[in-house]
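*Asks:* Next one to model:
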Amino acid sequence: MTYQLTDLGWSSFFQTQREAAPELTPYRITEIHRSRMTALGETGEATLTSPRLAAGELAVGDWVMVDPEMRIQQVLERKSLLQRRAAGTDAQTQLIASNVDTLFIVTSCNEDFNIARIERFLALAHEAGCYPVLVLTKADLCDDARAFEAEAQALDPMLTILTVNAREASAAEAVAAWCKPPQTAAFIGSSGVGKTTLTNALTGGDAATGGIREDDAKGRHVTTARSMHPMRNGGWIIDMPGMRALRLLDTREGIDSVFDDLAELEARCRFSDCAHDTEPGCAVRAAIEDGELDPERLQRWRKLRAGEAKNTETIAESRARERKFSKMVKGVVKGSGKRKGR
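*Replies:* Numbers count the residues shown, from 1 in each chain. Purely as a prediction, here's the structure:
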């Protein structure tokens, strides 16, 4: 199937960048493999290579400029970027998806529902520049789905919440309404909450879905890699593997957007470095004492801020070490070349 670039989400934002390299052809990445990428362009689907960039520097949803040999020469500036600190002990940034307009945060009305995790995903969306929509699934399997909805709505009265049964056609219709063509959306959440079921309904696909364990509502990983698919309504959806852990980095503004009430209170504290413990003139403690602020919300805010700061600092230190090592290697190579020339 062939597409117009605008069908794939191309806009003046990307066209302006293209003018610097008119001899190259734009493609949008739909899947990333170890050494090759699947992408869509005006001539249809293509397989790209990236000799100049590592796979970790690319994300599903990226717009790239390609030469006649189908080699990626440039990644266009992104309108939005979802990223996190990679799992494990290595201090690495993992790109999740790019150029996403709407981020569907999917959780189910059971033991998977976790306010702290929802806040993390909301912070990620705000920092990336995506519009967040919370999708509560398995509404048909709980006694009172409205209780879950009310708890989530308390985070933000303006938060868009969809409470659905993912297996019903109405669920796909409700979700699709928040991703108009040719916009791009992405699903994020734990395994087993219905992301792939919704993707199948939105795209007409038949990807395998998995169940959950009854004791803790944890799902089995079925989707193993990120991939972008055309939706029946003309939009695009990025399906992603289940994600329970999300180590935020470079998301201070996103966190403060989610906790804007606390950020406003903090600005009224007498001391700019107030720790909100025993300091005089602390507006945060005063709000707690007056019953206007839940102490647990303060603790979640502190934990999220501390974790984000640690992850961001660790990544920055790692990058500084890499730059220092690279500079040292270049110096050694340059010195070796001078000695050989004597």
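*Asks:* Beta-bridge partners for Ala97, please?
*Replies:* Partner residues in beta bridges with Ala97, using DSSP bridges, are Leu82.
*Asks:* list the contacts for it?
*Replies:* When contacts are counted by CB atoms under 8 Å, 6 or more residues apart in numbering, Ala97 is found next to Ala59, Val60, Gly61, Leu81, Leu82, Ala186, Arg226, Ile238, Met240. Placement of C-beta: from N, CA and C, glycine included.
*Asks:* Out of those, which is nearest to Gln74?
*Replies:* The shortest distance between Gln74 and any of the contacts of Ala97, using CB to CB, involves Ala59 and amounts to 14.4 Å.
*Asks:* The closest one and Ala287: what is the separation?
*Replies:* In this structure, Ala59 and Ala287 are separated by 39 Å, where distance is defined by CB to CB, to the nearest Å.
*Asks:* Among the two, which residue is more densely surrounded?
*Replies:* More neighbours sit around Ala59 than around the other of Ala59 and Ala287, counting by other CB atoms under 10 Å; the figures are 23 against 20.
*Asks:* How much space separates the more buried one from Leu95?
*Replies:* When CB to CB is applied, the distance between Ala59 and Leu95 equals 4 Å.
*Asks:* Mind listing what's buried along stretch 267-287?
*Replies:* Cys269, Cys274, His276, Cys282, Ala283, Val284, Arg285, Ala287 (16 or more other CB atoms under 10 Å).
*Asks:* Leu162 should be in a helix, yeah?
*Replies:* No: counting by DSSP: H, G, I helix; E, B strand; the rest coil, Leu162 is not part of a helix but strand.
*Asks:* Now, the contacts of Ala97 that are in strands?
*Replies:* Secondary structure assignment by DSSP state E places Leu81, Leu82, Ala186, Ile238 of those in strands.
*Asks:* Mind pulling up the pLDDT for the second one?
*Replies:* pLDDT, the model's per-residue confidence, is 96 for Leu82.
*Asks:* pretty sure it contacts Thr102?
*Replies:* No: taking CB atoms under 8 Å as the contact criterion, Leu82 and Thr102 are not neighbours in contact, 11.7 Å apart.
*Asks:* Which neighbours do those two have in common?
*Replies:* By CB under 8 Å, 6+ apart, the residues touching both Leu82 and Thr102 are Cys130, Ala186.
*Asks:* who has more neighbours, those two?
*Replies:* Neighbour tally, Leu82 and Thr102, criterion other CB under 10 Å: the higher count belongs to Leu82, 28 against 20.
*Asks:* so who does that one touch?
*Replies:* The contact partners of Leu82, by CB under 8 Å, 6+ apart, come to 59, 95-98, 100, 103, 124-125, 128, 130, 186, 188.
*Asks:* ok, and the most crowded of those residues?
*Replies:* Taking other CB under 10 Å as the neighbour criterion, Val100 ranks highest of those with 32 neighbours.
*Asks:* Burial check on Leu159, number of neighbours?
*Replies:* Considering only other CB under 10 Å, Leu159 is surrounded by 16 other residues.
*Asks:* Could I get the pLDDT score of it?
*Replies:* The model reports Leu159 with a pLDDT of 97.
*Asks:* Fine by me, thanks again.
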